[in-house]
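Student: what follows is a predicted protein model with its sequence.
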Amino acid sequence: MSSSQVIIDIENLTRVYDVGAEQVTAVKDVTLQIPPGQFIALVGRSGSGKTTLLNLMAGLDKPTSGSILFEGEDLAAMGEKELTNIRRHKVGFVFQAFGLLPLLSAFENVELPLRISGFGVRQREERTREALGIVGLLPRANHRPYELSGGEQQRVAIARAIVTRPPLILADEPTGELDSTNAQSIFGLFREMVETHGITVVAATHDSTLLAMADQVNEMRDGSIVGHLEGEDLQSRLEDIQASRYRDRPSDGDGTTEVSEDSSDASAGQPEQPSDDSTDGQAQDEDYINRFRRPTDE
Ligand SMILES: Nc1ncnc2c1ncn2[C@@H]1O[C@H](COP(=O)(O)OP(=O)(O)OP(=O)(O)O)[C@@H](O)[C@H]1O
Ligand SMILES: [Mg+2]
């Protein structure tokens with residue numbers, strides 16, 4: 001695929017942080033192309049470099065070496081004005097902790113990026129309603145965030161991310177604070193936006209049960225991409241994982257336990273932030289990653 005056909009073209013990208021006298025290589029020699037109109041999942045245990053890579057894609061951070069072309073333009077060579085333009089018009093962000101302003105209604109939260117970009121009142125109204133409609137929340141337009149469920153808040157955040165009609169959505173563990181039903185529905189929404197609106201979504205996740213909705217899955221380890229699956233290879237690998245789960249844990253009941261445990265483990269694998277229920281989730285996270293990896297990857 002030539003670079004003119006991809007949204008983001010990453011080559012030999014490395015990001016090294018200086019921490020005192022030490023150096024941390026958060027992203028290491030990553031080469032990756034993000035084609036338009038796909039739902040791309042980024043997986044990997046805590047500290048593997050997912051957030052750093054997403055930040056670099058958004059031009060929020062600068063590479064130490066290597067390059068990122070955004071629609072053919074080198075992000076590192078851009079000035080602040082051009083980067084602001086990309087962030088306002090080309091990329092929508094969705095974070096784990098929805099990030100809505102508590103005193104604004106759902107409508108006003110979604111409308112905000114349009115105000116910042118100077119859209120007129122009629123266009124703001126039209127686009128905000130359209131975005132809320134896409135996420136199925138028009139009936140909640142006048143609610144403030146605290147009057148919405150977690151899943152609804154994340155839908156508002158997604159509406160806010162798409163309201164400027166950017167070609168690319170970057171989502172950093174968007175379902176980390178949601179239960180399994182809401183997590184499935186958020187990923188379903190991404191899937192639908194990719195198919196119906198041609199948007200490209202890159203989402204970092206710890207939740208293996210959501211991967212069936214992705215077009216491709218890239219696994220990171222120690223800053224590098226160590227696994228890539230798409231198409232039939234991806235589906236058959238996910239079926240293997242499912243099958244081995246049922247085989248290995250027959251006493252787990254109705255099969256929903258695994259899903260809800262997985263999706264509640266947003267903090268899984270973050271040893272620096274122990275949380276009350278992270279132990280099981282962490283073990284499952286590791287377990288999942290080991291299963292996702294092909295034996296030949298080692
Ligand atoms: N600003 C920073 N300064 C120094 N080191 C950093 C910084 N940001 C990240 N790192 C380090 O870079 C590595 C990758 O971090 P990153 O946040 O990208 O991982 P992650 O895959 O998103 O993890 P998680 O799943 O926990 O969110 C980690 O070792 C982290 O400690
Ligand atoms: Mg992260």
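Tutor: Looks like it came in fine. Numbers count the residues shown, from 1 in each chain. Ligands and ions are numbered 1, 2, ... in the order given.

Student: what average pLDDT does the helix or strand residue 110 falls within get?
Tutor: Using DSSP states H and E, residue 110 falls within helix 106-116. In this model, helix 106-116 has an average pLDDT of 96.

Student: likewise stretch 172-181?
Tutor: Stretch 172-181 carries an average pLDDT of 89.

Student: say whether ligand 2 is contacted by that stretch.
Tutor: No - applying Cβ under 5 Å from the ion, one finds stretch 172-181 separated from ligand 2 by no less than 5.8 Å. For every residue, glycine as well, the C-beta is placed using N, CA and C.

Student: show residues contacting stretch 26-36.
Tutor: By Cβ atoms under 8 Å, 6 or more residues apart in numbering, the residues outside stretch 26-36 that reach it are 1, 3, 5-17, 40, 49, 52-53, 56-57, 66, 167-168, 198, 200, 202, 218, 222-225.

Student: what about it, near ligand 2?
Tutor: No - judged by Cβ under 5 Å from the ion, stretch 26-36 stays clear of ligand 2, getting no closer than 10.1 Å.

Student: okay, and the beta partners of the residue positioned nearest the centre of the chain?
Tutor: Closest residue to the average C-alpha location of the chain: residue 203 at 2.0 Å, with Cα atoms, centre = their mean. Residue 203 forms beta bridges with residue 41, residue 171, as assigned by DSSP bridges.

Student: which residues does it contact?
Tutor: 39-42, 94, 169-172, 174, 187, 190, 214.

Student: write a ChimeraX command that selects only the buried members of those.
Tutor: In ChimeraX, this line selects whichever of these come out buried by 16 or more other Cβ atoms under 10 Å:
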select :39,40,41,42,94,169,170,171,172,174,187,190,214
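
Student: tell me which of the contacts of residue 203 is nearest to ligand 1?
Tutor: Nearest to ligand 1 among these: residue 172, at 7.2 Å, using Cβ to the nearest ligand atom.
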